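**Student:** Could you look at this predicted model? Sequence included:
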Amino acid sequence: MTLYIDHEVCLKDPCCPAAEVCSTKALVYDSVENRLFFKADLCNGCGQCVRKCAYNALALFETADDLTAFLTKITKAREIFTSKFISLLGLKEQP
Ligand code: SF4
Ligand code: SF4
């Protein structure tokens, strides 16, 4: 199992409910680095953390390939959205 953490969406709460619900300590909040860390070897794939995060900052994947496919998809979606938004505003895209 691998866990995607969207660090742009995450509120970086030191009392992160998703980390607190993780019984294996696969997901931990590091207050020095001020961010969440995931240890794949400790994860049992229960999905509790994903359900606990109210901001959809977490997503669980069976394999690294599944995560890569997901990241490719959201990168493309963001590019399309940005391009359409720029076009709607009548602005030119930066080269
Ligand atoms: S609950 Fe979600 S948004 Fe809040 S700190 Fe944890 S992972 Fe980040
Ligand atoms: S899926 Fe379960 S074991 Fe894995 S990080 Fe989330 S809560 Fe922890």
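**Tutor:** Arrived safely, thanks for sending. Numbering: from 1, shown residues only. Ligands and ions are numbered 1, 2, ... in the order given.
**Student:** any chance you could read off phi and psi for Ile5?
**Tutor:** Taking degrees, to the nearest 10, you get phi -110, psi 120 for the backbone angles of Ile5.
**Student:** Nearest residue to Ser31 in space, please, no chain neighbours.
**Tutor:** Nearest non-adjacent residue to Ser31, counting by Cβ to Cβ, 6 or more residues apart in numbering: Pro14, 5.2 Å away. Every residue, glycine included, has its C-beta placed from N, CA and C.
**Student:** My guess is the one you found contacts Tyr29. True?
**Tutor:** Yes - using Cβ atoms under 8 Å, Pro14 makes contact with Tyr29 at a distance of 5.7 Å.
**Student:** who's more crowded, those two?
**Tutor:** When Pro14 is set against Tyr29 and neighbours are counted by other Cβ atoms under 10 Å, the residue ahead is Tyr29, at 18 against 9.
**Student:** my read is that one is in a helix, agree?
**Tutor:** No - using DSSP: H, G, I helix; E, B strand; the rest coil, the secondary structure at Tyr29 is strand, not a helix.
**Student:** Figure out the length between the terminal residues of stretch 1-21.
**Tutor:** Terminal residues of stretch 1-21 lie 17 Å apart, using Cα to Cα, to the nearest Å.
**Student:** Val9 and Gly47: what is the separation?
**Tutor:** The gap separating Val9 from Gly47 is 18 Å, by Cβ to Cβ, to the nearest Å.
**Student:** Hmm, I typed the wrong one, I wanted Ala77.
**Tutor:** 23 Å.
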